[in-house]
Structure formats: C-alpha cells, structure tokens
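1. coords please:
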Amino acid sequence: MADINISAEARELATKGTVNKMRREGRVPGVLYSKEMEPIKFSVNIKDLNPVIYTTEMHLVNLKIDDNKEIKSILKDVQFDPLTDKIIHVDFQAIKVGEVIEVQVPINVLGQAPGIKEGGVLNQSLHKFDIECLPRDIPEYLEVDISELNIGDSILVKDLSFENIKILNSEETNVLGIIAPREEATEQTEDELMDDGETAEPEVISKGKAEEEENN
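-> Next up, the predicted model:
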C-alpha cells in the first residue's frame with residue numbers, strides 16, 4: 001500500500017471566526033489522535049486531502065506537522081458541509097508499528113457471476129469492511145469473488161477469510177448477492193398474490209466535532 005505525504009501546520013484552539021477564515025483560505029482544521037500523546041490540532045491545505053479522501057483505496061499517511069518528524073497515521077473521520085459538500089474537518093489516528101489497529105477498507109468485487117449473465121442484478125449491501133490487523137498488513141482494498149454466484153446466491157461475512165486480517169463485521173452480515181431482475185420479481189409476487197386469493201379467506205385488518213470548535 002502506497003503512503004501519502006501531507007504537510008500540516010499546528011494550530012491553537014480556534015474561535016468560529018478564525019476557523020471560518022482558515023476555511024476561506026483553503027485550509028481544513030484537523031486533529032491527530034494518539035495513544036501516546038495528547039491530541040494535536042493542525043490545519044492542512046484542502047487540496048492535500050483529496051488523494052486520501054476521494055479514493056476507493058486505503059492509504060497510510062505520513063503526517064508532518066510544522067518541522068516535527070513525520071507521524072505515520074490513517075484517516076479516521078472526515079466531516080463535510082451539508083450544503084456545499086466541502087471538507088470542513090478531519091481526524092487522523094497515529095499508528096505504531098507492531099500494534100494491531102482497527103480500520104475500514106473498501107470492498108472490490110471480482111469476477112463475473114453466472115447469475116448476472118442470466119439477467120440477475122448485483123445487490124451489494126456492504127461497501128467497506130471493518131477490520132483489525134497490523135499496520136503492515138493494511139490492504140488498499142479486499143476482494144470478494146462473485147464468479148460462482150447464481151441468482152439467489154449471496155455471500156455473508158462468515159463465508160470470507162483473509163490472511164493476517166480479522167473482519168469485525170458480524171458474521172451474519174450480508175456482503176452482496178445476485179437478485180432476480182425487478183420485472184421477474186414483480187411477476188412472481190403477482191402470481192403469489194393470485195394464488196393466495198384463490199385459497200385464502202379474507203383477512204380483517206385492525207387499525208391501530210467541527211461544531212464544537214466553531215462554538216468556542
């Protein structure tokens with residue numbers, strides 16, 4: 001997995017006015033968290049965040065704050081403005097070599113499912129895995145092979161395993177599956193309703209973080 005280098009500037013706890021000024025200048029406030037030191041507040045050029053945020057892959061970040069040494073970290077959280085969709089705050093987590101960490105990694109679907117060739121539709125319920133592993137084992141993404149799935153088949157978390165990686169999602173979580181085309185599913189439902197209408201009696205239905213800084 002490729003590392004991304006980001007340079008940042010240390011900052012003090014800011015008022016709403018200084019935070020807004022910072023954002024107008026194209027910078028984003030952020031916080032670096034670590035088990036071994038107090039959180040470090042910083043600001044970073046919004047353009048430098050694009051390769052980390054707007055990607056389908058997981059990256060390690062070498063974060064250099066002022067003239068201090070680089071700190072290996074991962075992006076833990078990002079906040080967007082609900083109106084403009086611009087990045088307004090980021091959180092990074094420092095990582096330590098040899099220490100197991102929890103991260104999210106994207107899912108990459110691999111292969112061609114027979115069910116899709118027969119007209120089925122891929123229904124993906126999960127797009128990222130929550131995993132636990134050593135920093136050196138963090139993948140850019142995890143592949144899920146659908147080359148043996150027919151219509152009606154699905155893959156659960158318990159069906160998957162990856163070397164040196166523990167998936168933290170519930171074992172019964174549905175990752176993806178191949179479902180029947182909508183028209184076919186509708187026809188089946190209509191047929192079932194017709195069958196029910198012929199045999200069943202009528203049934204009576206009874207009635208019955210960024211914000212915290214701005215406020216300082």
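
2. in its sheet, what does the helix or strand hosting residue 129 sit against?
-> Using DSSP states H and E, residue 129 sits in strand 128-133. In the sheet, strand 128-133 lines up against strand 101-110 (antiparallel), strand 166-167 (antiparallel) (DSSP bridges).

3. Tell me the buried residues in that strand?
-> Using 16 or more other CB atoms under 10 Å as the test for burial, strand 128-133 gives 129-131, 133. All C-beta atoms are positioned from the backbone trio N, CA, C, and that covers glycine.

4. can you check stretch 41-54 too?
-> 41-44, 46, 48-49, 52.

5. Skipping adjacent residues, who's closest to the spatially most central residue of the chain in space?
-> Taking CA atoms, centre = their mean, the centroid of the chain lies closest to residue 128, which sits 4.9 Å from it. What sits nearest to residue 128 in space, not counting adjacent residues and going by CB to CB, 6 or more residues apart in numbering, is residue 104, at 4.6 Å.

6. Specify the local secondary structure of residue 20.
-> Using DSSP: H, G, I helix; E, B strand; the rest coil, the structure places residue 20 in helix.

7. Could you report the neighbour count for it?
-> 12 (other CB atoms under 10 Å).

8. and what of the one 4 residues further on?
-> Residue 24 is surrounded by 8 other residues when neighbours are defined as other CB under 10 Å.

9. Any chance of the backbone angles for it?
-> Note on residue 24: backbone dihedrals following degrees, to the nearest 10 are phi -60, psi -30.

10. Please tell me how far it sits from residue 165.
-> 42 Å (CB to CB, to the nearest Å).

11. Also residue 71?
-> 24 Å.

12. domain ranges for this protein?
-> Domain assignment for the chain by the TED database gives 4-96, 103-179.

13. can you list these in TSV and add mean pLDDT?
-> As requested, those are exported to TSV (pLDDT from 0 to 100):
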stretch	mean pLDDT
domain 4-96	91
domain 103-179	96
